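Trainee: Whatever this is, show me its structure:
(chains A and B, ligands or ions: 2)
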Number of protein chains: 2
Amino acid sequence: MPLSRAPQRRSAFRIRVNPPQVVVLGFLGAILLATALLSLPIAHAPGVEVTLLQAAFTAVSAVCVTGHIVVDTATVWSPFGHAVIVAFIQIGGLGIMLVASLIGLALLRRVTLRGRMLAGAENRGVTTGDAARLARGILLVSLVIEAIVAVILTLQFWLGYGVALPTAIGRGIFLAISSFNNAGFAPFSDNMIGFATDPIIVLPMCIATILGGLGFPVLLQLRRELRRPLHWSMNTNLVLAMTGLLLVLGTVVIAAFEWSNPDTIGLMSPVDRVLVAFFHSVQTRTAGFNSIDIGQMTSESWLVMDVLMFIGGGPAGTAGGIKVTTFAVLLFIIITELRGEGAVNIFGKRLSRAVHREAITITLLSMAAVMSATIALMVMTHLDLDVLLFEVVSAFGTVGLSTGITSALPPAGQLILMLLMFLGRLGPLTLGTALVLRQRRVLYELPKERPVIG
Amino acid sequence: MPLSRAPQRRSAFRIRVNPPQVVVLGFLGAILLATALLSLPIAHAPGVEVTLLQAAFTAVSAVCVTGHIVVDTATVWSPFGHAVIVAFIQIGGLGIMLVASLIGLALLRRVTLRGRMLAGAENRGVTTGDAARLARGILLVSLVIEAIVAVILTLQFWLGYGVALPTAIGRGIFLAISSFNNAGFAPFSDNMIGFATDPIIVLPMCIATILGGLGFPVLLQLRRELRRPLHWSMNTNLVLAMTGLLLVLGTVVIAAFEWSNPDTIGLMSPVDRVLVAFFHSVQTRTAGFNSIDIGQMTSESWLVMDVLMFIGGGPAGTAGGIKVTTFAVLLFIIITELRGEGAVNIFGKRLSRAVHREAITITLLSMAAVMSATIALMVMTHLDLDVLLFEVVSAFGTVGLSTGITSALPPAGQLILMLLMFLGRLGPLTLGTALVLRQRRVLYELPKERPVIG
Ligand SMILES: [K+]
Ligand SMILES: [K+]
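Mentor: Numbers count the residues shown, from 1 in each chain, chains lettered A, B, ... in the order given. Ligands and ions are numbered 1, 2, ... in the order given. A predicted model of the protein is given here:
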């Protein structure tokens, strides 16, 4: 991680990061505030009634940058409601980036602490100065990317579609923030279906989504050392390689499975078919906009997208899922085993052995959460496995894509989705942090033995 | 593993075990022979036509002790056909037990080799004497268990149901062999539905299934050291604990999900409902008989059974799946991580770190096989995800339970199932062995680094 290269300065205060509790409480507070604001009559379009559950669901979906909806974003909320939603998307997205980066920095300091002490160097934790610098850096990067995308989208809405300038600006800002923060909320009743084949709208959104999903550590390193790839950290290398691989793979598979489906892309020109397939491959990483009716896609596309959404995006960014780095660690473990090697080496560095167990733990517990929620929803609704699994993985991965069943779920089912979004947004991060922080030194070891496996 | 306690004797011959190739070729040969025999007109009931694909599918299903069928076992095959099926079930079941036990012994010798050399002790591999002793032991244990169960079943068919004695004997032997070898073939058109609530039929079958699924190393240790549980190996402890846990869990969940389903157990007495739920919990470990119509069960039962079938039974036995030990290793890794400990300790012994990566590799590659086959079948058939996933997991776990779609699949789909049965029977074993054999000593290590995960 490049974070340690930030200039160092003494500070009077020290932050004792107790990350899990702070993060969870902070997000709960944001959700409560958003729910309260979205429950105000001023947040609703004239004549529209919104229940507390609908307001709370929308609040969780916004703060957890998921994009699952139970009411139509375009017609149910007033301009004030839209402002609340986009503000909490920004808070949720920036918040998670800041927290994850702070934790990353704290862990890095902790990891190198012993080395410093041995060398007689200064022993310091993460200071408020560090936190302020990080916050400034994240805010700067986010606002610059969002501003560029907002300008392009605004111009296209204004000049390309003849929309009034104030409306065009509102849409541009809303979509730019929603894209970069991987939120997937759109100010249109059909999400982005109306713009499926307009590259000037969808490609800038894709770029914002991908950049947000790379994560701040990667963005920072790219900004500072774009021309010195040999200096890149293992984290940067893994995120870039896996993101590229999954984007191409997703595009190819979605295009193949939908190529002759007349209800999705089957009637489009070949170039448009590829554009739409690419758009939805990007969306599984985990923004969740849709420019075709997801409910009309083939079941095999859903299953492939389930896998992609479960993997998600890069760590310490706005994306969800178990993260591409976690998946990469598992892949490299398999490759190492099949080659009969004793240590997992990635890009010329050895992968710390403690990471193996952390990656397994996060992945398997995430699978258990997805399975449990799917079974619970099956008992409640008797809907088909494929649509329920898609809904659950999409919520847990904070993607927000849906085959269209969200608003028809019973209240208990919607509560499960809210829990999944919250767990999916905070679970892997806080769990990962807790696992690293709880590592103890081994004082003695028992005699070893092995069972027969396989 | 208790195998090393067998009395040692010098032998003129040494077996150089090159397990993967030998096992794969042996099974392929058995499948070809069974296909040829089942293609003979003498194997078919009078007036029945059997295609080559149907004969080959049945041969793979018998040799791989799966029990998936594309033609009715009771009415399509002649007595000679039934004899061929049951003979190849026995060959397949005993074969895998012998091979797995031999490999286990060889690995054990290999593992302790370095210790012996350091102590100046004799350096020896696995000899033909060892193999003969193992084969005798396995044959003895199997035949004794099968004989007892066959006698009970025969008596009940004869005295309880008034079936003619020769027929009763035939059914008793067929079911005893099919149970102990976890094959799941039954000589009735409705499998065991006619005997769902007869404990004298189904419970002996359950016991044979469970014993076969524990695996030979566990059976051997139980026979020798039943009263000295402190001497039991990690393998024995893990297999017994996990088998018990999964049996209870499966019974409870299946009973809960089917309790008021009138098409399965909903109209039975409470005791019978529990009996049937227990029977099917046992069947997922991985015999695959059914005493209710699996196609009428709820989707949530299927999903839970998918998980149980994927896990399967004990290693070096007649069960399939990734094996309860592999699953237990993953569970203990998670527990260790959550407790923040540095080493995975199970029952007072430290789990060899190499096993972590092997368990992950087997599990994830098995998941990849299941996912790929499911997607391929979706593209071919447009059947629902839940029935296809069940069919695929059941084939891969060599379970043989089906919602009833097997014979309706297109030929390419049936070929995929045949491949899955073969992969499921030999994949985890040969892969596991290959992984262990390929372990190399680490001569140097690269500097370590870690990405951000979760
Ligand atoms: K999203
Ligand atoms: K079976």
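
Trainee: Could you check how many residues crowd around residue A:52?
Mentor: Using other CB atoms under 10 Å in any protein chain shown, residue A:52 has 10 other residues around it. For glycine as for every other residue, the C-beta is placed from the backbone atoms N, C-alpha and C.

Trainee: Also residue A:328?
Mentor: Count around residue A:328 with other CB under 10 Å applied: 24.

Trainee: Please tell me how far it sits from residue A:243.
Mentor: 10 Å (CB to CB, to the nearest Å).

Trainee: With adjacent residues omitted, what lies nearest to residue A:232?
Mentor: residue A:221 (6.0 Å; CB to CB, 6 or more residues apart in numbering or on different chains).

Trainee: tell me which element that neighbour falls in.
Mentor: helix A:216-225 (DSSP states H and E).

Trainee: Touching that helix from outside, list them.
Mentor: Applying CB atoms under 8 Å, 6 or more residues apart in numbering or on different chains, the contact partners of helix A:216-225 are A:1-3, A:5, A:97, A:100-101, A:104, A:137-138, A:141, A:211, A:214, A:231-233, A:235-236, A:239-240, A:314-317, B:452.

Trainee: just the buried members of those?
Mentor: Neighbour-count burial (16 or more other CB atoms under 10 Å in any protein chain shown) is assigned, among the contacts of helix A:216-225, to A:1-3, A:97, A:100-101, A:104, A:137-138, A:141, A:211, A:214, A:232-233, A:235-236, A:239-240, A:314-317, B:452.

Trainee: Mind checking which of the residues you listed are in helices?
Mentor: A:97, A:100-101, A:104, A:137-138, A:141, A:211, A:214, A:235-236, A:239-240 (DSSP state H).

Trainee: So which of the residues you listed is the closest to chain B?
Mentor: residue A:235 (4.1 Å; CB to the nearest CB).

Trainee: nearest residue to residue A:92 other than its sequence neighbours?
Mentor: Residue A:92's closest residue in space is residue A:63 (CB to CB, 6+ apart), at 4.2 Å.

Trainee: Name all residues that make contact with residue A:417.
Mentor: A:57, A:68, A:391-392, A:395, A:406, A:409.

Trainee: Any idea how far the host helix or strand of it is from the middle of the chain?
Mentor: Taking DSSP H and E as the definition, one finds residue A:417 inside helix A:411-438. Relative to its parent chain, helix A:411-438 has a centroid offset of 13 Å by CA atoms, centre = their mean, to the nearest Å.

Trainee: any idea of the pLDDT on the residue nearest to residue A:92?
Mentor: With respect to pLDDT, residue A:63 has a value of 94.

Trainee: ok, now how distant is residue A:31 from ligand 2?
Mentor: As defined by CB to the ion, to the nearest Å, residue A:31 lies at a distance of 49 Å from ligand 2.

Trainee: I'd assumed residue A:60 was in contact with that residue.
Mentor: Yes - between residue A:31 and residue A:60 a contact is recorded at 5.5 Å, counting by CB atoms under 8 Å.

Trainee: Now do the shared contacts for these two.
Mentor: Both residue A:31 and residue A:60 are contacted by residue A:422, under the criterion CB under 8 Å, 6+ apart.

Trainee: Strands of chain A, residue ranges please.
Mentor: A:345-346, A:349-351, A:448-449 (DSSP state E).

Trainee: Can you flag the weakest of those by average pLDDT?
Mentor: Minimum mean pLDDT among the strands of chain A: strand A:448-449, a mean of 62.

Trainee: Can I get the ones in helices among the buried ones among the contacts of helix A:216-225 in JSON lines including distance to residue B:24 and pLDDT?
Mentor: What follows is these, written out as JSON lines (distance: CB to CB, whole Å; pLDDT from 0 to 100):
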{"residue": "A:97", "distance to residue B:24": "50", "pLDDT": "86"}
{"residue": "A:100", "distance to residue B:24": "47", "pLDDT": "81"}
{"residue": "A:101", "distance to residue B:24": "50", "pLDDT": "81"}
{"residue": "A:104", "distance to residue B:24": "46", "pLDDT": "72"}
{"residue": "A:137", "distance to residue B:24": "56", "pLDDT": "87"}
{"residue": "A:138", "distance to residue B:24": "54", "pLDDT": "89"}
{"residue": "A:141", "distance to residue B:24": "54", "pLDDT": "91"}
{"residue": "A:211", "distance to residue B:24": "48", "pLDDT": "95"}
{"residue": "A:214", "distance to residue B:24": "44", "pLDDT": "93"}
{"residue": "A:235", "distance to residue B:24": "40", "pLDDT": "86"}
{"residue": "A:236", "distance to residue B:24": "42", "pLDDT": "90"}
{"residue": "A:239", "distance to residue B:24": "39", "pLDDT": "93"}
{"residue": "A:240", "distance to residue B:24": "39", "pLDDT": "94"}
